[in-house]
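Undergrad: Provided below for reference: sequence and predicted model.
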Amino acid sequence: MATSTMEQQRNTRFSLTASITNGVVAGLVGGAVFGVQMMVAGMLPMVASLIGSDSVVVGFILHMIISAVIGVSYALVAPRLPQRWPIAIGGGIVLGIVWWILGALIIMPAMLGGNVLAVGDMQLGSLVGHIIFGIVTAAFFTLITERQ
């Protein structure tokens with residue numbers, strides 16, 4: 001029996017909603033892991049400075065909000081990729097590198113009056129954190145998506 005157009009639309013909406021929800025959760029898990037690295041490196045006050053604060057707590061909360069949004073960006077792309085673990089891990093690495101360039105090298109320095117696309121020791125440390133974030137986010141997204 002053929003699936004009606006209405007049923008297909010409802011299934012598409014559900015799968016998009018589920019994917020976005022999974023992306024938020026996966027982004028929060030990846031963000032928590034990266035957040036620990038950022039806390040140890042003393043980077044959270046700089047994140048907080050994006051909204052005029054120097055609080056570690058505010059920096060962590062803002063970092064987690066950004067992580068959830070980035071998790072959604074992964075969730076919008078991941079279902080279109082082959083559903084295999086090596087692809088997910090590779091996608092996570094790409095996610096981390098893309099958001100390192102966008103966030104750490106372009107958006108953050110532009111907002112804080114720094115040099116855009118400047119790469120030093122701090123940015124290289126951030127690259128490692130972003131790649132770990134991407135891998136954890138992609139792996140967790142894949143894990144929870146497989147279990148549904």
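TA: Ah, there it is.

Undergrad: List the buried residues in stretch 64-79.
TA: Neighbour-count burial for stretch 64-79 flags 64, 66-68, 70-75, 78 (criterion: 16 or more other CB atoms under 10 Å). Bear in mind the C-beta positions are built from the backbone N, C-alpha and C, glycine included.

Undergrad: so of those residues, which ones are in helices?
TA: Those of those mapping onto helices are 64, 66-68, 70-75, per DSSP state H.

Undergrad: Mind picking the two most distant members of those residues?
TA: Met64 and Ala75 (16.2 Å; CB to CB).

Undergrad: which helices and strands sit right next to the helix or strand that Ile135 is a member of?
TA: Counting by DSSP states H and E, the element that carries Ile135 is helix 121-146. In terms of contacts (3 or more CB pairs under 8 Å, 6 or more residues apart in numbering; DSSP states H and E), helix 121-146 is packed against helix 5-40, helix 56-77, helix 85-99.

Undergrad: Out of the buried residues of stretch 64-79, which comes closest to Ala18?
TA: Closest approach to Ala18 among these (CB to CB): Ala75, at 9.1 Å.

Undergrad: wait, isn't that closest one in contact with Asn22?
TA: Yes - counting by CB atoms under 8 Å, Ala75 does reach Asn22; the two are 5.8 Å apart.

Undergrad: Give me the common contacts of these two.
TA: In terms of CB atoms under 8 Å, 6 or more residues apart in numbering, Ala75 and Asn22 are both contacted by the residues Phe141.

Undergrad: from the middle of its chain, how far away would stretch 141-148 be?
TA: In terms of CA atoms, centre = their mean, to the nearest Å, the centre of stretch 141-148 is set 16 Å apart from its chain centre.

Undergrad: Next: stretch 77-93.
TA: Distance, centroid of stretch 77-93 to centroid of chain: 14 Å (CA atoms, centre = their mean).

Undergrad: Start and end of it, how far apart?
TA: Using CA to CA, to the nearest Å, the end-to-end distance of stretch 77-93 comes to 14 Å.

Undergrad: Fine by me, thanks again.
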